[in-house]
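Undergrad: What follows is a predicted protein model with its sequence.
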Amino acid sequence: MSDAVTTEAAASCHGSSKTALREAATKAGSEAMERYAADYPVGPHDQPQSMCPAFGSLRVGLRMRRTATILSGSACCVYGLTFTSHFYGAKRTVGYVPFDSESLVTGKLFEDLRDAVHQIAKPADYDAVVVINLCVPTASGVPLRLLPKSIDGVRIIGIDVPGFGVPTHAEAKDVLAGAMLAYARQEAELGPVMAPRTGRSQVPTVTLLGEMFPVDPISIGRMLEPMGLAAGPVVPTREWRELYAALDSAVVAAIHPFYTASIREMQSAGRTIVGSAPVGRDGTEAWLEAIGQAYAVPRAKIDAAKNAILPAITGALAGMPIKGRITVSGYEGSELLVARLLVESGADVPYVGTACPKTPWSEPDRAWLEARGVRIQYRASLEQDLEAMRELAPDLAIGTTPVVQAAKERGLPSLYFTNLISARPLMGPAGAGSLAQVVMTAMANKGRMHEMKAFFEGVGTGASAGIWQDLPKDRDPELRQQQLVQLKKRAKSEEAIGC
């Protein structure tokens, strides 16, 4: 374990302290840092601009049956993560092992974590216990790899998920999913493993990679039936035994193309990866063709699958057209799929920003969108998303909370991507109809947005918002300049002492 992390570095995962944490983790020998740098390359911004990435891993663990989760990190971080997880519907307890400077430096924190794992790992209650290091324990080199691999048959999974190493919470889902797949693959290689609750499928299956709306796997299963195939488990899974079934599929559909660690485990198991998703008519036709070829399905069956579903999708798209200009941005990883569906529905989509990286598995979506004049920004920053909205003046802005807020300030209709777009079906005819309905309803509110903007005209913005006798002075520029001076002084000081 490394020496003490400075108070400034331990206080936050932002700014110069973020750099200090990353350097400390590297010096502490955290193997995860090199792996994350390769799996999840950063973009123009060096820190997450959405929620804490660890929420993604926490969410995966909390959604699994018979799985316990323990967090190791600063109390303020743990509070925020548990609050967010329960806000989004988690109904399970989150374990927490507190620490102070002494226990962090002396190694007592690791001992406390080991004791906690032994205390909670009861085979009658759990199949697995997940321990997640947040920023400070990761930077200090708390060695979760030294925890027992299993206790009385209960699997122990220790992962580092620091804000300075994993760019988005969407990719943090892959961190845990990949770690679980690696463990399950090793178990399967050693001998027989437990079958899923519903039993092993009697026909070849396609594992679906990435969280999706519950109806979508059902829709995909119906699309696959004419080819003699079935939809397999969705990864991240809801139970440990489903991991074996996911690995059992010969073909994996990377619905969310940024699950790099999970794809690596699948490829190590000899599985074929197919990118994109059955979204819209063009997307569904290409995806069914790719799946059919991956499984060497006879041409007649591939054509039968297409003929069974494509007319219904065409009808749904024609029955609920979308007219208007829409910008799309988000951090869930399905932004390109949503843009494809909007374009096929008739919308003008000039810009798509995603906080996730470009990967080989998103290539079909990139090529299709760019061929239709859509500008794609991978690893998009908030500033890039806002600039696109201001430049393109859309009829509707779909984006993250700050993008939606900025759009409303300008009197533009807007929709929050996470709660109002990604929480809907996207696949098959249901996807076309569901998306069109919410989008057209939002765009119909343009007049009301202008009325609201006019109503609040003159009440001020920022520091001067509201009704005042004496208008407050906006001190932000002055304070910002003071901070810049302090940062320059600190940089010179660190350079002088060789930091």
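TA: Ah, there it is.

Undergrad: Sticking with the closest residue to L288 other than its chain neighbours, tell me its helix or strand.
TA: Taking C-beta to C-beta, 6 or more residues apart in numbering, and ignoring the residues beside it in sequence, L288 has A305 as its nearest neighbour in space, at 5.2 Å. Bear in mind the C-beta positions are built from the backbone N, C-alpha and C, glycine included. Counting by DSSP states H and E, the element that carries A305 is helix 299-319.

Undergrad: what packs against that helix?
TA: Where contact means 3 or more C-beta pairs under 8 Å, 6 or more residues apart in numbering; DSSP states H and E, helix 299-319 is packed against helix 215-224, helix 280-294, helix 428-443.

Undergrad: please redo it, this time with the cut-off set to 7 Å
TA: Using 3 or more C-beta pairs under 7 Å, 6 or more residues apart in numbering; DSSP states H and E as the contact criterion, the secondary-structure elements in contact with helix 299-319 are helix 280-294, helix 428-443.

Undergrad: ok and the first one relative to helix 299-319, angle-wise?
TA: What it means is helix 280-294. For helix 280-294 and helix 299-319, the angle between their directions (axes from the mean of the first three to the mean of the last three C-alpha atoms, to 10 degrees) works out to 170 degrees.

Undergrad: Going forward, count from 30.
TA: Okay, residue one is now 30; in that scheme the one you just asked about reads as helix 309-323.

Undergrad: can you pull out the strands in the stretch 30-179 of the chain?
TA: Ranges of strands within the stretch 30-179 of the chain are 96-101, 124-125, 157-162, 179-180, based on DSSP state E, counting those that start in this stretch.

Undergrad: need those strands in CSV with mean pLDDT and mean neighbour count, can you?
TA: As requested, those are arranged in CSV below (pLDDT from 0 to 100; neighbours: other C-beta atoms under 10 Å):
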stretch, mean pLDDT, mean neighbour count
strand 96-101, 96, 25
strand 124-125, 94, 18
strand 157-162, 97, 26
strand 179-180, 97, 17
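
Undergrad: closest to L276 out of those strands?
TA: Between L276 and these, the shortest separation by C-beta to C-beta is 15.7 Å, and it involves strand 157-162.

Undergrad: any low-confidence regions in the stretch 130-279 of the chain?
TA: Per-residue confidence of the stretch 130-279 of the chain (counting by pLDDT under 70) places no residue in a weak region.

Undergrad: How many neighbouring residues does D156 have?
TA: 17 (other C-beta atoms under 10 Å).

Undergrad: what's it in contact with, if anything?
TA: 95-96, 183-184, 269 (C-beta atoms under 7 Å, 6 or more residues apart in numbering).

Undergrad: related to what we said a few turns ago, following the chain past the helix holding A334, name the next helix or strand.
TA: Note on helix 328-348: by DSSP H and E, the next helix or strand toward the C-terminus is strand 354-359.

Undergrad: Direction included, what does that following strand pair against?
TA: Strand pairing for strand 354-359, determined by DSSP bridges: strand 377-383 (parallel), strand 425-428 (parallel).

Undergrad: Burial-wise, tell me which of those strands comes out on top.
TA: Highest mean neighbour count among the strands paired with strand 354-359 (mean count of other C-beta atoms under 10 Å): strand 425-428, with a mean of 28.

Undergrad: average model confidence for that strand?
TA: Mean pLDDT, computed over strand 425-428, is 96.

Undergrad: Show residues contacting it.
TA: By C-beta under 7 Å, 6+ apart, the list of residues contacting strand 425-428 reads 353, 355-359, 414, 418, 432-433, 436, 441-444, 446, 450, 468, 471-472.

Undergrad: what do you get if the cut-off is 8 Å, keeping everything else the same?
TA: 353-359, 367, 382, 414, 418, 432-433, 436, 441-446, 450, 468, 471-472 (C-beta atoms under 8 Å, 6 or more residues apart in numbering).

Undergrad: re earlier: dump the strands of the stretch 30-179 of the chain to a markdown table, plus distance to P70.
TA: A markdown table is the format used below for the strands of the stretch 30-179 of the chain (distance: least, C-beta to C-beta, whole Å):
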| stretch | distance to P70 |
| --- | --- |
| strand 96-101 | 26 |
| strand 124-125 | 31 |
| strand 157-162 | 21 |
| strand 179-180 | 33 |
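
Undergrad: that older thread, would you list the contacts of D156 in TSV and tack on distance to V204?
TA: TSV is the format used below for the contacts of D156 (distance: C-beta to C-beta, whole Å):
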residue	distance to V204
R95	20
T96	15
V183	20
R184	16
W269	17
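
Undergrad: Sort out which one of those lies nearest W497 for me.
TA: The shortest separation between W497 and any of the contacts of D156 is 52.7 Å, and it belongs to T96 (by C-beta to C-beta).

Undergrad: Just grab the bridge partners of the closest one for me.
TA: Applying DSSP bridges to T96, the residues it is bridged with are A157.

Undergrad: That one and S86 touch, don't they?
TA: No: in this structure T96 lies outside contact range of S86 using C-beta atoms under 8 Å: 11.7 Å.

Undergrad: and for the two, which residues touch both?
TA: With contacts taken as C-beta under 8 Å, 6+ apart, T96 and S86 have V159 as neighbours in common.

Undergrad: returning to that earlier point: would you mind getting the angle between the helix holding A334 and helix 244-253?
TA: Angular relation of helix 328-348 and helix 244-253 on a 0 to 180 degree scale: 130 degrees, by the same axes, to 10 degrees.

Undergrad: can you list the domain ranges for the protein.
TA: Taking automatic domain parsing as the reference, the chain has its domains at 36-196, 234-344, 350-482.

Undergrad: Turn those into CSV, columns for distance to L500.
TA: Putting these into CSV (distance: least, C-beta to C-beta, whole Å) gives the following:
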stretch, distance to L500
domain 36-196, 31
domain 234-344, 47
domain 350-482, 19
